[in-house]
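In: attaching a predicted model along with its sequence, questions to come.
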Amino acid sequence: MGDSGNGGRYERKHGVVFERDADHYRVTEFGRQLRGDAGYTAGRGAAAAGACRLGDERRVASSGVGNIKFDLTADPVDLTTAMVDIPSVSGMEAAIADALEEALHRQAPHLEILRDGNAVLARSAGSRLTRVLLAGHLDTVPVAGNLPSRRVGGLIYGCGASDMKAGDAVIAHLAATVNHPAHEITCVFYDCEEVMAARNGLARIERSHPEWLEADLAILAEPTNGVLEAGCQGTLRVVVSAEGRRAHSARSWLGRNAIHAAGEVLDRLNAYQPRRVEIDGCEYREGLQAVGIEGGVAGNVVPDACRVTVNFRFAPDRTVAEATAHVMDVFTGMDVEVIDSAAGALPGLHTPTARAFLAATGARPAAKYGWTDVSRFAALGVPAVNFGPGDPNLAHTKEEYVDTARITECADLLRHFLVSPAQ
Ligand SMILES: [Zn+2]
């Protein structure tokens, strides 16, 4: 038990500082009911009080500003527990953002703080030559009966434990406790990462406060099990259409079967040899796969159309235009339509700040498979990596947990890096 210095009014437990009627912590924390972003006013006296069943993702616990307080200087393991215990399903991050903003004002007064919707940003404003940005999303997927958190041995179970409140806790802890960094530091806690890109909080900050995203290296503390994942693949989806001529299947010689014609599309996919390419020490494996097929009119009709949807995941040394040209080449002579695409991100690990990060953490880089917010930074010209304590295989599962040893290790490695000068 500790004291925040506020006349002994607060107790400290599990990384949370709360008022003394703390026996009712669970009750008050989960005893308020929120109805989405618009209705959120909890902690400012207007939240409807009411019973809230744990695990009901549409009812979100309120930290209650001035009620639950994070202790950023506590062990990040305890801070993780505290953050997991404030539910923050996408769009409902106001309570956790309030608590985090309040804690940063109180415990990281050396940082300039910006609140943007449900995102909280903090940065130093010194004259060091390099800037490191640490980022984490505050939202989680819908709660699955897995709140409040449970501590079992060295594991913390609970919604968002791995993805990615452990990472958020490490960042917030470092924001408040790294005293003599070798780099300027920016921390970005943002909303709505787990939902459609149009709502992504980082994309909104990019539009409203782009200067806050300037850095020499961005580290997203997404779950990677302590492995450093750099860059990411690009993705392209195309539809390859085969045409035929419709006829009664009893007189099939009068028609031309489009599904049979699509066999040629599948043959080319089967024969395709995907490329492997190494960039900055990371191996990227490409893939060209049929992910959908559609055709057929009725049980007695020779079909006149068949569409094969093909997904190309490509290494980041190709642009979208080059990837498109490559796919067109594979399907030469066929009708190909591009339906969507997203650029990959080069790892950028050859830059001095990134090299210092590799040296300080001893982490061996691996290619990131899948598209992540790392790509946003890459598009801004900021080398970006994923490096966090959670386990990616547990993300979004009902059994989600984080190993506390990974949290301690990640916090130690990042702290060591932040005080190590660029090479
Ligand atoms: Zn995540």
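Out: Yep, it's here. Numbering: from 1, shown residues only.

In: what about the stretch 101-250 of the chain, any weak spots by pLDDT?
Out: For the stretch 101-250 of the chain, no stretch has pLDDT under 70.

In: for it, which residues are neighbours of the ion?
Out: Residues of the stretch 101-250 of the chain lying close to the ion (Cβ under 5 Å from the ion) are 163-164, 222. Yep, even glycine has a C-beta here, placed from its N, CA and C like the rest.

In: who wins on neighbours among the residues you listed?
Out: With neighbours defined as other Cβ atoms under 10 Å, the most crowded of these is M164; it has 33 neighbours.

In: confirm that residue sits in a strand?
Out: No - counting by DSSP: H, G, I helix; E, B strand; the rest coil, M164 is not found in a strand; it is helix.

In: separation between it and A103?
Out: M164 sits 18 Å away from A103, going by Cβ to Cβ, to the nearest Å.

In: around T309, count how many other residues there are.
Out: 16.

In: for it, helix, strand, or coil?
Out: With three-state DSSP as the basis, T309 sits in strand.

In: and the gap between it and L288?
Out: Taking Cβ to Cβ, one finds T309 at 12 Å from L288.

In: go on, A161?
Out: Between A161 and L288 the computed distance is 36 Å (Cβ to Cβ).

In: more neighbours: which of those two?
Out: Neighbours were counted for A161 and for L288 using other Cβ under 10 Å; A161 has more, 33 against 21.

In: now do the contacts for the more buried one.
Out: The contact partners of A161, taken as Cβ atoms under 8 Å, 6 or more residues apart in numbering, are 80, 84, 149, 390, 394, 400-402.

In: can you say which of those residues are buried?
Out: 80, 84, 149, 390, 394, 400-402 (16 or more other Cβ atoms under 10 Å).

In: go through the residues you listed and flag which are in helices.
Out: 80, 84 (DSSP state H).

In: residues near N393, how many?
Out: Using other Cβ under 10 Å, the number of residues around N393 comes to 11.

In: whoops, T408 was the one
Out: 16.

In: do D139 as well
Out: D139 has 26 neighbouring residues, counting by other Cβ under 10 Å.

In: how about it: what's its closest non-neighbour residue?
Out: Nearest residue to D139, sequence neighbours excluded (Cβ to Cβ, 6 or more residues apart in numbering): S90, at 4.1 Å.

In: and the one you found, how far from the ion?
Out: 11 Å (Cβ to the ion, to the nearest Å).

In: mind telling me what element T408 is part of?
Out: T408 belongs to helix 404-418 when elements are defined using DSSP states H and E.

In: buried residues in that helix?
Out: Residues of helix 404-418 classed as buried by neighbour count (16+ other Cβ under 10 Å): 404, 406-408, 410-411, 413-415, 417-418.

In: same deal with stretch 328-338?
Out: Per 16+ other Cβ under 10 Å, stretch 328-338 contains these buried residues: 330-331, 334, 336.

In: now tabulate these in a markdown table and tack on distance to the ion, secondary structure and pLDDT.
Out: Output for the buried residues of stretch 328-338, formatted as a markdown table (distance: Cβ to the ion, whole Å; DSSP: H, G, I helix; E, B strand; the rest coil; pLDDT from 0 to 100):
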| residue | distance to the ion | secondary structure | pLDDT |
| --- | --- | --- | --- |
| V330 | 33 | helix | 98 |
| F331 | 35 | coil | 98 |
| M334 | 38 | coil | 97 |
| V336 | 33 | strand | 98 |
